[in-house]
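In: Sharing a model prediction with you, sequence too.
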Amino acid sequence: MSIKIENLTYIYNPKSPFESKALDHVSIEIKQGEFIGLIGHTGSGKSTLTQHLNGLLKPTSGKIYINNLDITDKNVKMPEIRKKVGLVFQYPEHQLFEETVYKDIAFGPINLGLSESEVENRVKEAMGLVKLPYEELKDRSPFELSGGQRRRVAIAGVLAMKPEVLILDEPTAGLDPKSRDEILQQIKHLHEQMGSTVILVSHSMEDIAKLVGRIIVMHKGSVAITGTARETFRQVEKLESIGLGIPQISYVMKKLKEIDPSFNDDIFTVEEAKDEIMKWIRRRKNA
Ligand SMILES: Nc1ncnc2c1ncn2[C@@H]1O[C@H](COP(=O)(O)OP(=O)(O)OP(=O)(O)O)[C@@H](O)[C@H]1O
């Protein structure tokens, strides 16, 4: 599904002493199947933006088109949009409420009006996608599971709806490194396998550099930078001026270049850094 946001402005508590402009004339186009990283300092408007995409918030002004359909139009039925745009909130496990893992994941598909056997298939498939063993966990209470497993149950609940656009607001916040890596790998795999449009909100430049095709940088409610990871992370000064940085490994490579100018410092992932260091070692051996 393609997304087009035109001049979107959003004001919380308008005309009150608590009025706050969270989005200011934001225009963005996202093509079908893109993997977008949405980054920005805390309070820059990322969550406010994502909540507009499934109709949870209505623009103060501006338009949002999903597959050319204007979802800000009063006549568009929001449940229809929510079937297509899945939003995984920050700490989604706090929203688990059913007594078993099965019932929690089945909640969305049941609301879609699917038959019992279709619901069961959706639950099995979604649990498989996030690597949760179906037989072992389906009758367990989500509250007996580990934090990482609960997060997966919550993500599976959204995946079971088979959304065409998947929005994940910091899906790895608060998880241990192993669970983080596993969940990110699964999101990557999902994007490749299902071809859905994915928007990943993250504070981790490392994760963003590794995963996404294009980055949108928000600053004070506006789009500050948009481009590939390479194009974005080359703008170090601009990023630092708005309180962001580049992946840690890029700073390491910049330091190495200061010591030996033959180093390439146009590097954003650990994999790229490994290759560059190996090349440097080979050059030294041959010298
Ligand atoms: N419910 C609300 N009522 C009033 N103002 C709000 C509300 N939610 C957010 N804001 C304000 O809107 C602005 C954007 O907030 P938003 O949550 O969209 O930022 P964010 O980039 O997602 O931040 P974070 O990275 O901390 O999640 C901030 O100034 C915030 O204080």
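Out: Good, I have the coordinates.
In: in the stretch 151-287 of the chain, what residue is nearest the ligand?
Out: Proximity of the stretch 151-287 of the chain to the ligand (C-beta to the nearest ligand atom) peaks at M218, 6.2 Å away. Bear in mind the C-beta positions are built from the backbone N, C-alpha and C, glycine included.
In: count of neighbours near that residue?
Out: M218: 26 surrounding residues under other C-beta atoms under 10 Å.
In: how much space is there between the nearest residue to it once chain neighbours are set aside and Y251?
Out: Spatial nearest neighbour of M218, chain neighbours left out: G40 (3.4 Å); criterion: C-beta to C-beta, 6 or more residues apart in numbering. In this view, G40 and Y251 are 20 Å apart by C-beta to C-beta, to the nearest Å.
In: and the residue nearest the centre of the chain, which of the three is it?
Out: Centroid check for the chain by C-alpha atoms, centre = their mean gives L200 as the closest residue, at 1.3 Å. Three-state assignment for L200 (DSSP: H, G, I helix; E, B strand; the rest coil): strand.
In: May I have the beta-bridge partners of it?
Out: G37, L168 (DSSP bridges).
In: Quick check: the nearest residue to R214 once chain neighbours are set aside vs Q235, distance?
Out: Distance criterion C-beta to C-beta, 6+ apart; nearest residue to R214, sequence neighbours excluded, is I36 at 5.5 Å. Distance from I36 to Q235, counting by C-beta to C-beta: 17 Å.
In: What number of residues are in the vicinity of the residue nearest to R214?
Out: Neighbours of I36 using other C-beta under 10 Å come to 21.
In: ok, it - contacts?
Out: 30, 197-200, 212-216 (C-beta atoms under 8 Å, 6 or more residues apart in numbering).
In: between G40 and Y251, which one's more packed in?
Out: Using other C-beta under 10 Å, the more surrounded residue of G40 and Y251 is G40, with 24 against 13.
In: is it true that the more buried one touches K46?
Out: Yes. The criterion here is C-beta atoms under 8 Å, and G40 meets it with K46 at 5.3 Å.
In: Name the residues contacting each of these two.
Out: By C-beta under 8 Å, 6+ apart, the residues touching both G40 and K46 are M218.
In: what sits against I110?
Out: V119.
In: Dump the helix or strand harbouring it to PDB, restricted to CA.
Out: Element membership for I110, per DSSP states H and E: helix 101-111. Provided in PDB are the C-alpha atoms of helix 101-111 (Å, rounded to 0.1, in the frame of the first residue of the first chain):
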ATOM      1  CA  VAL A 101      -2.100 -16.600  24.000                       C
ATOM      2  CA  TYR A 102      -4.500 -18.100  21.500                       C
ATOM      3  CA  LYS A 103      -7.400 -15.800  22.400                       C
ATOM      4  CA  ASP A 104      -5.200 -12.700  22.400                       C
ATOM      5  CA  ILE A 105      -3.900 -13.300  18.900                       C
ATOM      6  CA  ALA A 106      -7.300 -14.400  17.600                       C
ATOM      7  CA  PHE A 107      -9.000 -11.300  18.800                       C
ATOM      8  CA  GLY A 108      -8.300  -9.300  15.600                       C
ATOM      9  CA  PRO A 109      -9.100 -12.100  13.100                       C
ATOM     10  CA  ILE A 110     -12.400 -12.800  15.000                       C
ATOM     11  CA  ASN A 111     -13.300  -9.200  14.600                       C
END
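In: Let the chain start at 13 from now.
Out: With 13 as the first residue, the last one maps to helix 113-123.
In: Check which element follows that helix along the chain.
Out: helix 128-141.
In: who in this structure is up against the ligand?
Out: 24-25, 32, 34, 52, 54-60 (C-beta under 6 Å from any ligand atom).
In: Any chance of the backbone angles for the nearest residue to S56 once chain neighbours are set aside?
Out: Take S56 and drop its neighbours on the chain: the residue closest to it by C-beta to C-beta, 6+ apart is M230, 4.1 Å away. Main-chain dihedrals, M230, degrees, to the nearest 10: phi -100, psi 140.
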